[in-house]
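1. make a model of this:
(4 chains)
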There are 2 protein chains.
Amino acid sequence: MTVLQNASDVLRLFGSGCSDLTVTEVTTRLGIPKANASRLLKAMRDAGMLETIGDTRRHRPGRMMLDLASAFRKSLGVIGQAGEVVAAVTERFGHTGYVSLREGREVTAVADFPGTNDLRVVSNIGRRLTAHGSATGRTLLARMSDAEVQAVYAGRPELDGLLPRLDAIRASGFAYSSQESTPGVDAIAIAVGDPTTEEAVSLCIVYPHAVVGEDDRDEMLAALASGATRIARDLGDAKFVAPRIPEKGLFA
Amino acid sequence: MTVLQNASDVLRLFGSGCSDLTVTEVTTRLGIPKANASRLLKAMRDAGMLETIGDTRRHRPGRMMLDLASAFRKSLGVIGQAGEVVAAVTERFGHTGYVSLREGREVTAVADFPGTNDLRVVSNIGRRLTAHGSATGRTLLARMSDAEVQAVYAGRPELDGLLPRLDAIRASGFAYSSQESTPGVDAIAIAVGDPTTEEAVSLCIVYPHAVVGEDDRDEMLAALASGATRIARDLGDAKFVAPRIPEKGLFA
DNA sequence: GCATTTGTTCCGATTTATGGAACTCATAAT
DNA sequence: ATTATGAGTTCCATAAATCGGAACAAATGC
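-> All right, here's what the predicted structure looks like:
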């Protein structure tokens, strides 16, 4: 067994909820001689993979690991990061999720995460929705200025009443729609973008109107919002508005 | 040179802004034979420390590293995390920073970070301020309900006009004070808490009123806010309100 | 198609890791 | 005060990994 594998096993112990380790914990949890564990932790400390907590014998991951996490996220790109967030929300609540891009007056899903609930909205990757007529699309339009939106919709009837709705999204940080694109289906969407590549995507969760109460809905919004906020912070998205979870009854 | 040290050197390359690496980049940047680099990256991949990006030859940190970053933060606790954020802001802008706790109607600094500017507010750890009369204190009070605040200030004159000020903080997510506790000194404060331990701390930057323009002030607020937001997200702080950077002129 | 760049594999010599036991150090119990 | 107890480190011969150079293979560019 190579040292690297052992070191990796030690690091993996941190994954399962434990935030610090001692030599003995490592020997018992990995089943290796304590002489090895002792030397291994020392070597990992010297290499900066671990650091001791204060002057105790407890170890935690080294500071270097913070940079790694952000390098990992950076290399994913916005779409990838958005996908990770939506996947996590889908996993947790069982409802279908999308990541979508806007092209002109339309939006297309570029990644989809089928829900697991018995009653769920079937995923439909590649289906094109109108940007003005979907929560996802409006979050992406809301990232543009009114002038830009007007340019996209020059002389078109869809513009009617659109700008105030976008203002509302700019204020709240998210969009919600109930039975708009599909009967019986509600959607929550939040947009986030990468200022360096100019890519903006929308994170969206869709669910059957009938089976989701206000509390679940707010929880999903909160989950989606916290993921999107992290992405926006990591990428330095200045246009992002941190969604504010509304009080009960003020939703929509 | 041990493998662990080499592996660590490779990981460290990610720290300096680069989000992915190839074998040749590693050989040149670390100055090691490419045979070694090739085997090293393979071993690190097998150990889960790295993963390849798609089916290209580029490598990025493995997903495991995400867990490590959060284990690191968790082991710091709120006070430690707040300290890291304040230290970073202090470092960047040169102004003095504090982390404070509230006890009853007073707040005390538990960590301080002396500024580096020629004209700066001298740090004063252990100095007690009134909670109602300092930006720091009010951010902490704003985390409580009106009823709880009233209980703390039962029958006391300080309660006059306090609740509306707290409401303003709850709405904006931060507190600002100009020449309040100390003449010539302004302060920006944001509170964050750990729901599991019930600990709440306030992150605060203090600076001479005369030398900081609106732009710098907004930048400091943004820096403090993004750090506090990350902490709140990591810990699941439901009471946290993500600060919204106000438009010019609407500040305070 | 050929040249070039990039990555992998092979080899013996050398370095490093391994695991059992002996040892130190601090803390808790008698 | 003395002795157990447990955690952590160090010692040693053996076993296994790494090293660097060069030959080899596989992409990429012209």
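2. model confidence for the residue of the stretch 1-150 of chain A found nearest DNA strand C, exactly?
-> Nearest to DNA strand C in the stretch 1-150 of chain A, going by CB to the nearest atom of the strand, is A:A35, at a distance of 3.5 Å. The C-beta positions use only the backbone N, C-alpha and C, and glycine is treated the same way. Per-residue confidence (pLDDT) for A:A35: 91.
3. following element in sequence after the host helix or strand of it, please.
-> Under the criterion DSSP states H and E, the helix or strand holding A:A35 is helix A:34-47. Toward the C-terminal end, the helix or strand that comes next after helix A:34-47 (DSSP H and E) is strand A:50-52.
4. which other residues reach that following strand?
-> Contact partners of strand A:50-52, identified using CB atoms under 8 Å, 6 or more residues apart in numbering or on different chains, comprise A:10, A:41, A:44-45, A:58-63.
5. beyond that strand, next helix or strand please.
-> Toward the C-terminus, strand A:50-52 is succeeded by strand A:59-61 as the next helix or strand (DSSP H and E).
6. quick check: chain neighbours aside, which residue is closest to A:A210?
-> Computed as CB to CB, 6 or more residues apart in numbering or on different chains, the closest residue to A:A210 that is not its neighbour in sequence is A:G184, at 6.7 Å.
7. what about that neighbour, distance to A:P157?
-> With distances defined as CB to CB, to the nearest Å, the gap from A:G184 to A:P157 amounts to 26 Å.
8. who has more neighbours out of those two?
-> Between A:G184 and A:P157, A:G184 has the larger neighbour count (other CB atoms under 10 Å in any protein chain shown), namely 13 against 7.
9. so how far is A:M220 from the more buried one?
-> On the measure of CB to CB, A:G184 and A:M220 end up 17 Å apart.
10. before we move on, what about A:A242?
-> Between A:A242 and A:M220 the computed distance is 16 Å (CB to CB).
11. show me the strands in chain A, by range?
-> With DSSP state E, the ranges of strands along chain A come out as A:50-52, A:59-61, A:97-103, A:106-113, A:128-130, A:175-178, A:185-194, A:199-208.
12. save the ones you listed as a markdown table, and put in mean pLDDT, distance to B:D112 and mean neighbour count too.
-> Putting those into a markdown table (pLDDT from 0 to 100; distance: least, CB to CB, whole Å; neighbours: other CB atoms under 10 Å in any protein chain shown) gives the following:
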| stretch | mean pLDDT | distance to B:D112 | mean neighbour count |
| --- | --- | --- | --- |
| strand A:50-52 | 88 | 23 | 19 |
| strand A:59-61 | 90 | 24 | 25 |
| strand A:97-103 | 89 | 44 | 24 |
| strand A:106-113 | 84 | 46 | 20 |
| strand A:128-130 | 84 | 53 | 17 |
| strand A:175-178 | 92 | 43 | 20 |
| strand A:185-194 | 92 | 35 | 26 |
| strand A:199-208 | 91 | 39 | 25 |
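13. among the ones you listed, which is nearest A:G227?
-> Distances from A:G227 to each of the strands of chain A were compared by CB to CB, and the smallest falls on strand A:199-208, at 7.1 Å.
14. give me the sheet partners of that closest one and which way each runs.
-> For strand A:199-208, the paired strands and their directions (DSSP bridges) are strand A:97-103 (antiparallel), strand A:185-194 (antiparallel).
15. now the shortest one against strand A:106-113, angle please.
-> Here strand A:97-103 points in a direction 150 degrees away from that of strand A:106-113 (axes from the mean of the first three to the mean of the last three CA atoms, to 10 degrees).
16. and strand A:97-103, how far from the chain's centre?
-> Here strand A:97-103 shows a centroid-to-chain-centroid distance of 13 Å under the convention CA atoms, centre = their mean, to the nearest Å.
17. and the contacts of it?
-> Residues outside strand A:97-103 that contact it (CB under 8 Å, 6+ apart): A:79, A:82-83, A:86-87, A:89-90, A:107-113, A:115, A:123, A:125, A:129, A:131, A:136-137, A:140-141, A:199-206.
18. CA atoms only: put that strand into CSV for me.
-> Listed in CSV are the C-alpha atoms of strand A:97-103, where the atom choice follows Å, rounded to 0.1, in the frame of the first residue of the first chain:
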residue,chain,number,x,y,z
GLY,A,97,-34.1,20.0,-11.6
TYR,A,98,-32.6,21.8,-14.6
VAL,A,99,-29.7,24.0,-15.5
SER,A,100,-30.7,26.3,-18.4
LEU,A,101,-29.1,28.8,-20.8
ARG,A,102,-30.8,31.6,-22.6
GLU,A,103,-30.4,32.1,-26.3
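19. still on that earlier bit, helices or strands up against the helix holding A:A35?
-> Under the contact definition 3 or more CB pairs under 8 Å, 6 or more residues apart in numbering or on different chains; DSSP states H and E, helix A:34-47 sits against helix A:3-15, helix A:23-30, strand A:50-52, strand A:59-61, helix B:3-15.
20. up against DNA strand C, what does chain A have?
-> If contacts are counted using CB under 7 Å from any atom of the strand, the residues of chain A sitting beside DNA strand C are A:1, A:3, A:6, A:32-36, A:39-40, A:43.
21. ChimeraX command for the buried members of these?
-> Written as a ChimeraX command, the selection of buried residues from the residues of chain A next to DNA strand C, which uses 16 or more other CB atoms under 10 Å in any protein chain shown, is:
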select /A:3,6,32,36,40,43
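22. quick one on the thing from earlier: the helix holding A:A35 vs helix B:3-15, what angle?
-> Regarding helix A:34-47 and helix B:3-15, their directions subtend 30 degrees when assessed with the same axes, to 10 degrees.
23. helix A:34-47 vs helix A:23-30, what angle?
-> Relative orientation of helix A:34-47 versus helix A:23-30 (the same axes, to 10 degrees): 110 degrees.
24. what does helix A:34-47 contact?
-> Under the criterion CB under 8 Å, 6+ apart, residues A:3, A:6-7, A:10, A:21, A:23-24, A:26-27, A:30, A:32, A:50-52, A:59, A:62, B:2, B:4-5, B:7-8 lie in contact with helix A:34-47.
25. of those residues, which are in range of DNA strand D?
-> With respect to DNA strand D, and counting by CB under 7 Å from any atom of the strand, the subset of these in contact is A:3, A:23-24.
26. among the residues you listed, which one sits closest to B:Q179?
-> Proximity of these to B:Q179 (CB to CB) peaks at A:V23, which lies at 53.7 Å.
27. give the burial count for the closest one, as a bare number.
-> Other residues within reach of A:V23 by the criterion other CB under 10 Å amount to 19.
28. setting aside sequence neighbours, what's the nearest residue to the residue nearest the centre of chain A?
-> The central residue of chain A, meaning the one whose C-alpha is nearest the mean C-alpha position (CA atoms, centre = their mean), is A:V85 at 2.6 Å. Distance criterion CB to CB, 6+ apart; nearest residue to A:V85, sequence neighbours excluded, is A:G227 at 3.1 Å.
29. just checking, the one you found touches A:L221?
-> No. In this structure, A:G227 is not within contact of A:L221 by CB atoms under 8 Å, at 11.1 Å.
30. tell me, how many residues neighbour A:R63?
-> By other CB under 10 Å, neighbour count at A:R63 equals 13.
31. give the contact list for it.
-> With contact taken as CB under 8 Å, 6+ apart, A:R63 is in contact with A:48, A:51, B:72.
32. what's the closest of these to B:I231?
-> Checking the contacts of A:R63 against B:I231 with CB to CB, the nearest one is B:F72 at 12.7 Å.
33. quick one, what contacts the closest residue to that closest one other than its chain neighbours?
-> Excluding the flanking residues, the one nearest B:F72 by CB to CB, 6+ apart is A:P61, at 4.6 Å. Contact analysis of A:P61 by CB under 8 Å, 6+ apart lists A:11, A:14, A:49-51, B:68-69, B:71-72.
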